[in-house]
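Participant: coordinates for the following, if possible.
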Amino acid sequence: MFSSQEYLEKKTGQSGVGRLQYLQSLVTEFQDTDKEDCKEQVLANLANFAYDPINYEHLRKLNVIDMFLDSLTEENERLVEFGIGGLCNLALDKQNKEHILANGGVDLVIQCLSSRNEETVLNAITTLMFLTTPASKPAITRLSVVECMLRFQLSKNSRLSNLATVFLEDYCSRQQVEEARQAQTGDAVGISLPAEPQQT
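Facilitator: Residues are numbered from 1 along each chain as shown. Next up, the predicted model:
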């Protein structure tokens, strides 16, 4: 359930730590620490805060969306997982979506489709669906992505197969799907695909 500002003020109390201040402390901790496990924990916390629209304004002020985007290029798979999870939680909001799209988010999210981490892949597919607009749709439903979804549709993993099916049926034209079927070889063009994402 989403929180209202009134509920948060009532719960926090007059002497409680404000939401913005608390989020700022998390961002500062993420930036100041060199420990990977601390970075993972903080990014996971920020991704959880991204679930509630009441936090969106604070997260935008603190440039957390950019932190999530930056994490998608990390070698640490856990940081990638939490970064894409945070983006997935934020991407339905119009302002957040515009920011993600304007800052190279589509290509970064598409790169996550080749992860061996199941949650990363599932969140990447969902994020692509959330980011789809008339302007972004050609990039999101490019041939390599449609080929990738066709591969995922054949997965033994029902979550992955079902989500890929939704993407193909709701976001792609029949012509795009047919062209991708005809073009398919071992790997989708531009996306190195794992055999099966590992479950976490």
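Participant: tell me where the protein has helices.
Facilitator: 5-12, 19-32, 36-49, 56-61, 64-71, 77-90, 94-102, 105-111, 118-131, 137-140, 143-153, 158-171, 174-183 (DSSP state H).
Participant: which of those helices sits most buried?
Facilitator: The highest mean neighbour count among the helices of the chain, using mean count of other C-beta atoms under 10 Å, belongs to helix 77-90: a mean of 25. Bear in mind the C-beta positions are built from the backbone N, C-alpha and C, glycine included.
Participant: what does that helix contact?
Facilitator: Contact partners of helix 77-90, identified using C-beta atoms under 8 Å, 6 or more residues apart in numbering, comprise 36, 39-40, 43-44, 46-48, 50-51, 56, 59, 64-65, 67-72, 74, 96, 100, 105, 109, 112, 115-117, 119-120, 123-124, 126-127, 130, 200.
Participant: can you tell me, leaving aside adjacent residues, what's nearest to residue 139?
Facilitator: Spatial nearest neighbour of residue 139, excluding adjacent residues (C-beta to C-beta, 6 or more residues apart in numbering): residue 106 at 4.9 Å.
Participant: residues contacting that neighbour?
Facilitator: Contacts of residue 106 (C-beta under 8 Å, 6+ apart): 128, 131, 136, 139-140.
Participant: what about it, distance to residue 167?
Facilitator: Counting by C-beta to C-beta, to the nearest Å, the gap from residue 106 to residue 167 is 14 Å.
Participant: any residues in contact with both of these two?
Facilitator: Here residue 106 and residue 167 have residue 128 as joint contacts, going by C-beta under 8 Å, 6+ apart.
Participant: who touches stretch 161-177?
Facilitator: For stretch 161-177, the external contacting residues (C-beta under 8 Å, 6+ apart) are 122, 125-126, 128-129, 132, 137, 140-141, 143, 146, 149-155.
Participant: mind running it again at 7 Å?
Facilitator: With contact meaning C-beta atoms under 7 Å, 6 or more residues apart in numbering, stretch 161-177 is reached by 122, 125-126, 129, 132, 141, 146, 149, 152-153, 155.
Participant: with stretch 29-48 instead?
Facilitator: Contacts of stretch 29-48 (C-beta under 7 Å, 6+ apart): 26, 64, 67, 71, 76, 78-79, 82-83, 85-86, 89.
Participant: and the furthest pair within those residues?
Facilitator: Taking C-beta to C-beta as the measure, the contacts of stretch 29-48 span a maximum distance of 19.6 Å, between 76 and 89.
Participant: any regions of this protein where pLDDT drops low?
Facilitator: For the chain, the stretches flagged by pLDDT under 70 are 1-17, 185-200.
Participant: cool, thanks, signing off.
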